[in-house]
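> Need a 3D model of the sequence below.
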Amino acid sequence: MSLNYFDYFTEIEETFVRRRGKPLLVSPMDWALMESWKGRGVPLHVALRGIEAAFDSFNSKPRKRAVKSLLYCQEEVEAQYAEWMESQRGARVGEAENGRNAKTNGGGDNFFERGIVLEHLASRRRELALVCKGHAKVSHGEFCETLTRLVARLEELEIDFARAAQPNTQMLERALTDLETLLDHAMRRSVTNEELARLQAEAEEQLLPYRNRMETATYEATMNNLLLKRLREIHRMPRLSLFYL
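Residues are numbered from 1 along each chain as shown. From the prediction side, this is the model:
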């Protein structure tokens with residue numbers, strides 16, 4: 001069975017917590033970093049290998065300070081990813097096509113009980129409707145229109161999933177990811193340029209201690225994730241992904 005969306009985050013989190021040796025949850029910044037890796041296409045096995053290598057290096061030279069953040073492993077993950085990308089060059093087009101076809105023809109994979117998924121969709125639809133209602137009292141602009149469309153599309157997904165003979169949560173997750181992307185753009189447009197600049201400055205300040213150790217692409221993706229997290233908090237916006245079940 002091919003790797004699903006949910007394994008990516010749980011595997012990284014469990015590996016990091018295991019190697020750190022302390023049963024503490026990862027931070028919001030760590031989640032933002034993981035999302036940036038996922039978004040850039042860093043394979044899970046590469047990310048895990050980078051984390052293991054980073055801790056192996058750390059443990060070879062005993063230090064007084066413990067590893068507190070996944071950001072400690074970022075440099076090694078980037079190095080492992082660069083090596084992996086280099087190894088992929090020159091791969092035959094036919095092999096790539098076979099890989100894509102295998103994913104496309106994967107069938108009805110369902111990693112959650114139908115009832116749990118349906119309750120998640122219904123709950124998120126109700127939450128979005130409440131957010132929409134709250135904004136409608138203040139403004140009837142583009143943001144409210146987008147929320148109304150999202151509520152309708154969530155209802156369609158809910159009906160389709162309920163009726164499906166072979167419900168496929170991976171396909172559903174891709175649809176929910178598309179909706180979250182639409183929602184992210186709408187949230188950005190819903191605030192003034194001044195407010196957006198202030199939120200971006202806050203995100204930059206959070207990442208400042210790690211800036212010199214982060215690749216440009218990772219830094220930008222992580223900062224974007226932190227900015228979106230803050231916008232979701234402001235709007236009290238629910239996460240649609242099944243990962244947040």
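> can we go C-alpha only for contacts and neighbour counts from here?
OK.
> mind giving me the domain split of this structure?
Listed domain ranges for the chain are 5-104, 114-244 (source: automatic domain parsing).
> I'd like those domains as a markdown table, with mean neighbour count and mean pLDDT appended.
Formatted as a markdown table, those follow (neighbours: other CA atoms under 10 Å; pLDDT from 0 to 100):
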| stretch | mean neighbour count | mean pLDDT |
| --- | --- | --- |
| domain 5-104 | 15 | 78 |
| domain 114-244 | 16 | 87 |
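> Now do the phi/psi pair for S241.
Main-chain torsions, S241, degrees, to the nearest 10: phi -60, psi 140.
> Does it touch L172 like I think?
No. Using CA atoms under 8 Å, S241 is not in contact with L172, being 9.0 Å away.
> how close does the one residue sitting closest to the centre of the chain sit to L172?
Relative to the mean C-alpha position of the chain, the nearest C-alpha, by CA atoms, centre = their mean, is the one of E35, at 3.8 Å. Applying CA to CA, to the nearest Å, the value for E35 to L172 is 18 Å.
> Identify the residue nearest Q74 in space, chain neighbours excluded?
Take Q74 and drop its neighbours on the chain: the residue closest to it by CA to CA, 6 or more residues apart in numbering is M214, 6.8 Å away.
> Now do the one you found against S69, distance only.
13 Å.
> Quick check: phi and psi at V67.
Here is the backbone geometry of V67 (degrees, to the nearest 10): phi -80, psi 120.
> E156 versus P238, what's the distance?
For P238, the distance to E156 (CA to CA) stands at 18 Å.
> now the helices for this structure?
Secondary structure of the chain (DSSP state H): helices located at 5-20, 28-40, 44-60, 74-88, 93-104, 114-136, 142-163, 169-190, 193-207, 216-235.
> could the ones you listed go into a markdown table alongside distance to L245?
Formatted as a markdown table, the helices of the chain follow (distance: least, CA to CA, whole Å):
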| stretch | distance to L245 |
| --- | --- |
| helix 5-20 | 10 |
| helix 28-40 | 16 |
| helix 44-60 | 21 |
| helix 74-88 | 27 |
| helix 93-104 | 24 |
| helix 114-136 | 7 |
| helix 142-163 | 15 |
| helix 169-190 | 12 |
| helix 193-207 | 26 |
| helix 216-235 | 17 |
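> give me every residue that touches R126.
R126 makes contacts with V151, as judged by CA atoms under 8 Å, 6 or more residues apart in numbering.
> Identify the spatial nearest neighbour of E180, chain neighbours not counted.
L240 (6.7 Å).
> ok, T218 touching E35?
No. Applying CA under 8 Å as the test, T218 and E35 come out as separate, 9.7 Å apart.
> And the residue nearest to L231 when sequence neighbours are not counted, how far from L228?
What sits nearest to L231 in space, not counting adjacent residues and going by CA to CA, 6+ apart, is M187, at 6.6 Å. In this view, M187 and L228 are 8 Å apart by CA to CA.
> for the residue nearest to E180, what are its contacts?
L240 is in contact with 121, 124, 176-177, 179-180, counting by CA under 8 Å, 6+ apart.
> Closest one to L48 out of those, please.
The shortest gap between L48 and any of these belongs to T177, at 23.5 Å (CA to CA).
> show me the contacts for the residue nearest to the closest one when sequence neighbours are not counted.
Distances taken as CA to CA, 6+ apart put S241 closest to T177, at 6.6 Å, once the chain neighbours are dropped. Counting by CA under 8 Å, 6+ apart, S241 makes contact with 173, 176-177, 180.
> okay, the residues you listed in a markdown table with distance to C132 next?
Formatted as a markdown table, the contacts of S241 follow (distance: CA to CA, whole Å):
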| residue | distance to C132 |
| --- | --- |
| E173 | 23 |
| L176 | 18 |
| T177 | 19 |
| E180 | 15 |
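> I am finished for the moment; much appreciated.
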